[in-house]
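Colleague: Okay, predicted coordinates and the sequence, questions at the end:
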Amino acid sequence: MNRRAHAEQALPRWRRAVLKVGSSLLAANGGGLSTRHALGLAEFIAASHRAGREIVLVSSGAVAAGRSLVRAQPEAAHGLAARQALAALGQTTVVALWQRFFDRPVAQVLLTHDDLRNRRRYLNARATLRELLSLGALPIINENDTVAVDELKLGDNDNLAAIVAALVDADLLLIASDIAGLYSADPRSDADARPIDEVAAVTPAILAMAGGAGTSAGTGGMRTKLDAAVKAAAAGIATVLFDGTDAQALRLLAADRLRGTHFLTGGTRLQARKYWLRHAPLAGGRIHVDAGAARALLSGGASLLPGGITGVSGDFARGDMVEIETSRDGGAAIVARGISQYAAGEVRRIAGRKSAEIESVLGYSYGETVVHRDDLVATSGVDA
C-alpha cells in the first residue's frame with residue numbers, strides 16, 4: 001500500500017502531556033502483549049522525562065492481556081462479566097509491561113467516567129495524579145473495566161485520555177495509533193486518500209472522513225479520536241495523532257517534530273479553564289477573607305490558604321464552586337470564585353489556622369490549600 005505521507009511540522013509546545021496508547025499497538029499477533037511497539041513509545045517517554053517534562057500514560061491492553069491467560073477457554077472472550085474478568089486478569093500484565101522499560105516507578109490508576117463526573121472523586125483523582133507526578137512517577141491510567149459496565153459498553157480510552165488531559169491540566173494530548181494520522185478517507189481502502197496535517201476545528205466534513213471501528217484488538221477508531229480532540233480543544237488542549245508503530249515518527253516527536261495530524265484549539269488551556277471557572281454554576285456559600293488574602297488572590301496568583309480566611313456564610317460541599325468575599329469601604333466585595341477543596345463546615349473549623357494545622361484540627365487533610373490557584377479566577381472588574 002502506497003500511502004501519501006503527512007508533512008513534518010513543529011510539535012506544539014508542552015511541559016505536561018497525556019499519551020494514549022491503544023490495544024492495537026500492544027497486542028501480540030499470537031495473543032497477549034508485545035514489546036515491539038511499546039519499546040519505541042517508552043523511549044519517547046524516557047526522552048521526555050530527561051527533558052524535564054511530565055507524561056501521564058493512558059494504556060489499553062488489559063482485556064487482550066487477560067485473554068491470553070485463558071487461551072484454553074475461548075468462551076471467556078464473550079459476555080460482559082467475562083470481559084470484566086479478563087480485564088482484571090490483564091491489568092497487572094499491562095503495568096508490568098511498562099515498568100520493565102523505566103527505572104522510575106510506575107503507578108496504576110483505574111478510573112471510570114463516573115469518577116470524573118463526581119466533583120469530589122474528580123478532586124481526589126486529580127490530587128492523586130498531581131502527587132504522583134511530583135514524586136517523579138509515571139501514572140498509568142486505564143478505565144476500571146472490572147466494575148464499570150458503561151465504560152465497557154463505551155470501550156473508549158481515546159475520550160478517557162481527553163478527560164484525563166483536562167483533569168491534570170495537560171498542555172497536549174498525544175494519541176498513538178496504528179495509522180499515521182487523519183486522511184480524507186480510509187487509506188486502507190482508498191488509494192486517493194489525502195493526509196490531513198492540520199485540523200482547525202472538527203466539522204461535519206472532518207467527521208465524515210472518519211472510518212468505522214478500529215482493529216480487532218481494540219474497540220476505538222478514528223471517530224473516537226476526533227471526539228477526543230473535540231473534548232481536549234474545549235479545555236484549551238491541542239491534540240496530535242501519530243503512528244506509534246513508526247520508529248522515525250517517534251524519534252521526531254522526541255525532537256519536538258510531528259509527522260501526523262495536529263488538531264488545533266481555539267484558545268489556550270488557561271483561557272479555557274478560566275472561562276469555565278467564571279461561568280460554572282455557584283453553590284450557595286461564600287468564603288470571607290481578610291485584605292491580605294484578597295490582595296494575594298488578585299495580584300499574586302496565590303492559592304487561598306486557611307490563614308487568610310475570616311469566616312464562611314451559607315453551605316457548600318467539597319468540590320463546589322464558591323465565591324470569595326472581602327470587606328471593603330464599609331461593605332463587601334467579591335474578589336474571586338473557585339472550587340473549594342473543603343466543605344463549608346470544614347472551612348469554618350480551619351479558618352485562620354496555618355495549613356500545617358489542618359490535619360490536627362480535622363483529623364485528615366485534602367491538602368494545604370482551601371482553593372488552589374489552578375481552580376481559582378479573580379472576579380472581573382475588581383481592583384486590588
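Modeller: Sure, I can see it.

Colleague: switch to C-alpha atoms for all contacts and neighbour counts from now on
Modeller: Fine.

Colleague: Can you get me a residue count around residue 45?
Modeller: Using other CA atoms under 10 Å, residue 45 has 23 other residues around it.

Colleague: elements contacting the strand or helix carrying it?
Modeller: Assigned by DSSP states H and E, residue 45 falls within helix 38-50. Using 3 or more CA pairs under 8 Å, 6 or more residues apart in numbering; DSSP states H and E, the elements in contact with helix 38-50 are strand 54-59, helix 247-254.

Colleague: Break the chain down into its domains, please.
Modeller: Listed by automatic domain parsing, the domain ranges of the chain are 8-272, 280-378.

Colleague: what distance separates the start and the end of the shortest one?
Modeller: Spelled out, that is domain 280-378. Separation of the first and last residues of domain 280-378 by CA to CA, to the nearest Å is 14 Å.

Colleague: Output the below-cut-off pLDDT ranges for the protein.
Modeller: For the chain, applying pLDDT under 70 flags the ranges 1-3, 30, 71-78, 113-114, 117-118, 145-155, 211-220, 300, 380-384.

Colleague: Report the buried residues of the longest helix seen in it.
Modeller: For the chain, the helix with the greatest residue count under DSSP state H is helix 80-99. Residues 82-91, 93-95, 97-99 are the ones in helix 80-99 that count as buried (16 or more other CA atoms under 10 Å).

Colleague: Taking helix 38-50 as reference, get the angle to it.
Modeller: Here the directions of helix 80-99 and helix 38-50 differ by 60 degrees (axes from the mean of the first three to the mean of the last three CA atoms, to 10 degrees).

Colleague: which helices and strands does helix 80-99 pack with?
Modeller: Right, helix 80-99 is packed against helix 62-69, strand 106-111 by 3+ CA pairs under 8 Å, 6+ apart.

Colleague: could you give the angle of it to strand 54-59?
Modeller: Going by the same axes, to 10 degrees, helix 80-99 makes 140 degrees with strand 54-59.

Colleague: Name the residue closest to the centre of the protein, please.
Modeller: residue 164 (1.7 Å; CA atoms, centre = their mean).

Colleague: where's that residue relative to residue 12, distance?
Modeller: 19 Å.

Colleague: Would you mind naming the helix or strand containing residue 297?
Modeller: Going by DSSP H and E, residue 297 is part of helix 291-299.

Colleague: what's that helix in contact with?
Modeller: 302-304, 308-309, 326-327, 335-336, 378, 384 (CA atoms under 8 Å, 6 or more residues apart in numbering).

Colleague: what comes up buried for that helix?
Modeller: Across helix 291-299, burial judged by 16+ other CA under 10 Å covers 291, 293-295, 297-298.

Colleague: Show me which of these is closest to residue 176.
Modeller: Closest approach to residue 176 among those (CA to CA): residue 297, at 39.4 Å.
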